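Trainee: Got a predicted structure plus its sequence, pasted below:
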Amino acid sequence: MSITVIIPTILRPLTHQQKHIDMEGSRVSEIIDHMDQQYPGIKEKLVANGNAHRFINIYVNDNDIRFQDGLATSLRDGDVLTILPAVAGG
């Protein structure tokens with residue numbers, strides 16, 4: 001099943017400046033593993049201790065995976081996975 005992954009600017013050097021990539025997988029964790037095979041080093045930017053890094057937000061079709069099943073969140077063909085770095089400020 002094809003999943004479109006939207007890559008934030010900060011991670012684009014790892015994906016050869018691609019804004020969108022198509023990956024195959026049925027869970028968010030599978031997508032991240034496949035991304036890391038094709039773009040080495042990206043997983044360490046997204047995952048810490050088996051969970052999404054606390055400064056990275058991952059959405060499936062506008063739904064934050066932290067309020068679903070985390071990295072085990074199921075995907076369907078045509079879903080869009082968006083990666084966004086957390087923004088802090090004051």
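Mentor: Structure received.
Trainee: thinking residue 85 is in contact with residue 55, fair?
Mentor: Yes - with contacts counted by CB atoms under 8 Å, residue 85 reaches residue 55, the gap being 6.4 Å. Heads up, the C-betas are built off the backbone N, CA and C, glycines and all.
Trainee: the more surrounded of those two?
Mentor: residue 85 (14 against 11; other CB atoms under 10 Å).
Trainee: For that one, give me phi and psi.
Mentor: phi -70, psi 140 (degrees, to the nearest 10).
Trainee: separation between it and residue 24?
Mentor: Distance of residue 85 to residue 24, computed by CB to CB, to the nearest Å: 25 Å.
Trainee: Can you pull the poorly scored residue ranges out of this protein?
Mentor: 89-90 (pLDDT under 70).
Trainee: And the helices in this structure?
Mentor: 28-38, 42-46 (DSSP state H).
Trainee: List the contacts of residue 77.
Mentor: Going by CB atoms under 8 Å, 6 or more residues apart in numbering, residue 77 touches 1, 2, 3.
Trainee: If you rank those by neighbours, which is first?
Mentor: Neighbour counts for those (other CB under 10 Å) peak at residue 3, which has 22 neighbours.
Trainee: Make sure that residue is actually in contact with residue 27.
Mentor: No - with contact defined as CB under 8 Å, residue 3 does not count as touching residue 27 (10.0 Å).
Trainee: list the residues that contact both of those two?
Mentor: With CB under 8 Å, 6+ apart, residue 3 and residue 27 have common neighbours residue 75.
Trainee: and residue 2, how far is that from residue 81?
Mentor: For residue 2, the distance to residue 81 equals 11 Å [CB to CB].
Trainee: Same check on residue 62?
Mentor: Applying CB to CB, the value for residue 62 to residue 81 is 11 Å.
Trainee: In terms of neighbours, single out the busier of those two.
Mentor: Neighbour count, other CB under 10 Å: between residue 62 and residue 81, residue 81 has more, with 23 against 7.
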